[in-house]
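Engineer: here is my input, please return the structure:
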Amino acid sequence: MTSRGAVRAATIALFAVAASVAAPASVRAQDIACDRGDQEVRALDFRGNRAISDDALALRVTTTPSSWGRRNLHLWFAEKRCLDHNQLPLDVLRLKAYYRERGYYSAEVDTLVQPLDKDAVRVIFNIVEGEPTRLASYTITGLEGIRDSAEIMRRMQLRVGAPFDFTLFRADIDTIVHRLRDAGYYKAETLTGYDRDTSRVAHASIDVIPGKPARFGDPVYQITPVDERGQQLKTEVVRRVIGIRPGDQYSDRAILDAQRNLFQLGTYRHIEVAPLPDTLQPSGDTIVVLAVRLSEDYMRQLDSEFGWATLDCVRMRLQYTDKNLLGSARRLELTGQASKIGYGYPLSSKDTRRYCTLGNSTDLKYDQFSDTMHYFLGATVRQPRLLGTRWVPTVSLYSERRGEFRAYLRSTPVGADFSATRDLGDRMPLRFGYTLEYGKTTAPDAAFCALFNRCDPDSRSLISRLATLGVASAALARIRTDNLISPSRGYTMRGEVRTSAARFLGTSDSLFFNKGTADVAWYARIDARNVFAFRLRGGAVLGRRLSLTDSAAFVPPQERLYAGGPTSVRGFQQNELGSVVYIARTNIDTIVVPPAPGSTDPTFHFEPKTHPDSAPSLDRAVPLGGNSLFVANVEYRIRDPFFFPDLLQYMLFMDGGDVWTRGRVHSVKWTPGIGVRALTPVGPVQINVGYNRYEREAGALYYNPDVTTLLCVTPGNPINYRRDQSGLYEQVDKGAQCPSTFSPPRRTRLLQKLTFTFSIGSDF
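Structural biologist: Purely as a prediction, here's the structure:
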């Protein structure tokens, strides 16, 4: 062994021992639980440390204080942790080893256990860091002639003049090897060395031995079929999906991409793509042969879902999947789903409707679009790796009826969706899509009247007739959480842009719009039991000129922005944050206006009764949405400490947000609340109670005396109506607008200010 090799071996052995002592407490099974007579750790202090933070040091010791809620809020149900005297000397060794690893070889650590009362103590680690050993020279050789050498050097973290941090030294070694292997140098390795003297000066070097550039050879395939069926997916198809051809430059990243491509097919139980051992590689060091070991799964499956939801009543979903259509690894999915079952026609009765609205605070009977079942029928074909690229194209044909609670109904007899997706990195999908629909959007008459001044039947019929809508979209996500369903640490970022503002997209001129939405969520584990969560969401719908001052004349209701509900601002019911219009049931005065001179036809004016005991009785509120959106959620989740710690969580939250139309006055509304969250096999089930101190917004008030007519009855409105030959009302002055000045009754009792919401699935 060379002298450098001996130094390297000794170094690795030394720091392996140090690392085992300095390992974070979270990865060691130490006993900090409390038994009778044990002392609770109320505080953990580090004194004298300047170069390393308290948080970093706390990760290296076993001694841990009780949870924040118990220490600061004196919550009796929060987690209590006690002192283990046997671990204190080991904690000292762990801290000293960690300081040496960071370049502080003369650091000294001592402990002090300070009584707070007879059952509680404060543990103090007194640290004398001393002067660090600083790096005087850092030599990296062997990268001459490497194409990415400048980028590799730029990524080095250890710097001359800084403390000789061995963790950064190891990270630099790993960076060099990984970058070289991604650049084709399969056998890249390094010889490392360092020395330090009594004057606290260190010298470090990395000698890079890249070897020769390598290329992939012809892979060796070992495919195990299911039972005795024989191999279902042909080797030629597997070769195409992997995307590595003989002669391609070697790359570790290419191997990871190959594994990801195979995994996304869903056709294998076991996937392994790795180079053969060196003893089985062909002679020479420039050809790398991969071993592809696969165990096939069943190629066809049938999935079903059955459940109940607050706004859907009974819902069902059935999906048939062929993972190997025509033997080419194409994926065929036939999907059928229905909701409003039991409440909507034709599968409803008086008894099932009563069951659907049982305990429902957002009663379905107030949603005019739930009287008929919603459905989706679709067929989707997905092609892996289009023309050998990383893009995965998908083509779908569908027919559907879907809506947003009390806001709109979208009926699409036929639609098509074309999309292409690829991963830009680990859990970072990018999607481009184009959707072409032939359908119509139906909204409450009040919404059409208030939003677009389409108050007469003819205008509403024109705007809600069948038309083509073509929408191009792009969406990008970055997911860095530890759990997709119930994350406790990490973050997610998502953004999407949608546009129909081009004739070549196939959109009718009256439906042009541009839309953008984005949200970011961040999760942090406060201690072993509790989680802090935070989310921001924003969006805007723009006109054809992409200007914040230019709003589209008509934005389809399904593309408007809405907020409020269990996954948004929980102090408001579904979609009820922002502007609304109100529908009155009774107590409306009909005033006959005498005919104008030269006319024999009387006109009619409508307003609420003026007597205090005859205030208009509201039938429902219709959310209007808006073209601007802001939502913020702050949440603290506490695991149940007594009965079901792995099942129940209690939540304290503060939600805020607003939806508005630009040019109008708006303000962010904040609603605090509490909730209970249960983790179930179908996802988190959550019940929330939000406190809403705000009065309901003023809006236009309408009255529906017959099936087709919607009459403005806002107090002081200037609109008169006349009857046509069929006896229906029509507005005399088509340009007059219904004022939004009706104020609904105030919330005076506490119960009226509480909003109860229920949801199944992730809250955000």
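Engineer: middle-most residue in the protein, spatially?
Structural biologist: The centre of the chain sits closest to Thr492, judged by CA atoms, centre = their mean, with a distance of 5.4 Å.
Engineer: the longest strand anywhere in the chain pairs with which strands, parallel or anti?
Structural biologist: Across the chain, the longest stretch assigned as strand under DSSP state E is strand 408-425. Here strand 408-425 has these sheet partners by DSSP bridges: strand 392-404 (antiparallel), strand 428-442 (antiparallel).
Engineer: helices of this protein, start to end?
Structural biologist: Under the criterion DSSP state H, helices of the chain are mapped to 3-22, 54-58, 68-72, 88-101, 149-154, 166-182, 235-242, 252-265, 350-356, 445-452, 457-463.
Engineer: and Arg639, which of the ones you listed is closest to it?
Structural biologist: Smallest distance to Arg639 across the helices of the chain (CB to CB): 10.9 Å, for helix 68-72. For glycine as for every other residue, the C-beta is placed from the backbone atoms N, C-alpha and C.
Engineer: can you pull the buried residues of that closest one?
Structural biologist: 69-71 (16 or more other CB atoms under 10 Å).
Engineer: reformat those residues as a markdown table; add distance to Arg503 and pLDDT.
Structural biologist: As requested, those are exported to a markdown table (distance: CB to CB, whole Å; pLDDT from 0 to 100):
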| residue | distance to Arg503 | pLDDT |
| --- | --- | --- |
| Gly69 | 59 | 77 |
| Arg70 | 64 | 81 |
| Arg71 | 64 | 83 |
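Engineer: any idea which of the helices of the chain gets closest to Arg331?
Structural biologist: helix 252-265 (7.4 Å).
Engineer: list the contacts of the closest one.
Structural biologist: Contacts with helix 252-265, where a contact means CB atoms under 8 Å, 6 or more residues apart in numbering, come from 178, 181-182, 216, 233, 238, 241-244, 248, 268, 271-275, 290, 294, 323, 329, 331, 384-385, 390, 392, 423.
Engineer: excluding chain neighbours, what is closest to Gly344?
Structural biologist: In space, and not counting its chain neighbours, Gly344 is closest to Met373: 4.0 Å by CB to CB, 6 or more residues apart in numbering.
Engineer: for that neighbour, what are phi and psi?
Structural biologist: phi -60, psi 140 (degrees, to the nearest 10).
Engineer: run a quick check on it versus Ser339, I expect a contact.
Structural biologist: Yes. Assessed by CB atoms under 8 Å, Met373 is found in contact with Ser339 at 7.0 Å.
Engineer: compare those two and say which is more crowded by neighbours.
Structural biologist: Taking neighbours as other CB atoms under 10 Å, Met373 and Ser339 compare with Ser339 leading, 24 against 21.
Engineer: any idea how far the residue nearest to Gly344 is from Cys313?
Structural biologist: 10 Å (CB to CB, to the nearest Å).
Engineer: where do the contact lists of those two overlap?
Structural biologist: 339-341, 344.
Engineer: give me the subset of those residues that lies in strands.
Structural biologist: Going by DSSP E, the strands hold 339-341, 344 from the shared contacts of Met373 and Cys313.
Engineer: got the domain ranges for the chain?
Structural biologist: In terms of domains, the chain is parsed into 3-128, 134-209, 215-296, 572-631+642-657+666-760 (source: automatic domain parsing).
Engineer: distance to Gln319 added to the ones you listed, as CSV?
Structural biologist: Formatted as CSV, the domains of the chain follow (distance: least, CB to CB, whole Å):
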stretch, distance to Gln319
domain 3-128, 40
domain 134-209, 38
domain 215-296, 13
domain 572-631+642-657+666-760, 16
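Engineer: quick one, which of those domains is nearest to Val414?
Structural biologist: Nearest of those (CB to CB): domain 572-631+642-657+666-760, 26.1 Å.
Engineer: averaged pLDDT, the closest one. What do you get?
Structural biologist: For domain 572-631+642-657+666-760, the mean pLDDT works out to 86.
Engineer: start and end of it, how far apart?
Structural biologist: 17 Å (CA to CA, to the nearest Å).
Engineer: any idea how far that domain is from the chain center?
Structural biologist: 30 Å (CA atoms, centre = their mean, to the nearest Å).
Engineer: can you check stretch 564-578 too?
Structural biologist: 18 Å.
Engineer: wait, isn't Tyr298 in contact with Val226?
Structural biologist: Yes. Using CB under 8 Å, Tyr298 makes contact with Val226 at a distance of 6.0 Å.
Engineer: circling back: list residues touching both of Met373 and Ser339?
Structural biologist: With contacts taken as CB under 8 Å, 6+ apart, Met373 and Ser339 have no neighbour in common.
Engineer: next, count neighbours for Phe46.
Structural biologist: When neighbours are defined as other CB under 10 Å, Phe46 has 20 of them.
Engineer: next up, the contacts around the nearest residue to Gly342 once chain neighbours are set aside.
Structural biologist: For Gly342, ignoring the flanking residues on the chain, the nearest one in space by CB to CB, 6+ apart is Thr352 at 3.8 Å. Residues counted as contacts of Thr352 (CB under 8 Å, 6+ apart) are 313, 342-343.
Engineer: any idea how far Thr352 is from Leu358?
Structural biologist: For Thr352, the distance to Leu358 - CB to CB - is 11 Å.
Engineer: could you do Gly243 as well?
Structural biologist: The gap separating Gly243 from Leu358 is 54 Å, by CB to CB.
Engineer: of the two, who's got more company?
Structural biologist: Gly243 (17 against 8).
Engineer: who are the contact partners of that one?
Structural biologist: 254, 257-258, 261, 385, 388, 390.
Engineer: one more time with 7 Å
Structural biologist: Each residue near Gly243 by CB atoms under 7 Å, 6 or more residues apart in numbering is listed here: 257-258, 261, 385, 388.
Engineer: can I get these in CSV with distance to Ile52?
Structural biologist: Shown next, in CSV, are those (distance: CB to CB, whole Å):
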residue, distance to Ile52
Asp257, 38
Ala258, 41
Asn261, 43
Arg385, 47
Gly388, 50
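Engineer: which one (most neighbours) among these?
Structural biologist: Neighbour count (other CB under 10 Å) singles out Asn261 as the most crowded of the contacts of Gly243, with 23 neighbours.
Engineer: and the pLDDT for it?
Structural biologist: For Asn261, the predicted pLDDT is 87.
Engineer: next: Ala553.
Structural biologist: Predicted confidence (pLDDT) for Ala553: 56.
Engineer: going forward, begin numbering at 41 instead of 1
Structural biologist: Shifting the count to begin at 41 puts that one at Ala593.
Engineer: now do the residue nearest to Lys252 when sequence neighbours are not counted, the pLDDT please.
Structural biologist: Distance criterion CB to CB, 6+ apart; nearest residue to Lys252, sequence neighbours excluded, is Thr326 at 5.2 Å. As predicted, Thr326 sits at a pLDDT of 88.
Engineer: can you pull the phi and psi angles for Thr326?
Structural biologist: phi -120, psi 0.
Engineer: okay, and the beta partners of Met694?
Structural biologist: Taking DSSP bridges as the rule, Met694 bridges to Val674, Pro712.
Engineer: still on that earlier bit, reformat the buried residues of helix 108-112 as TSV; add distance to Met468.
Structural biologist: Converted to TSV, the buried residues of helix 108-112 look like this (distance: CB to CB, whole Å):
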residue	distance to Met468
Gly109	35
Arg110	39
Arg111	39
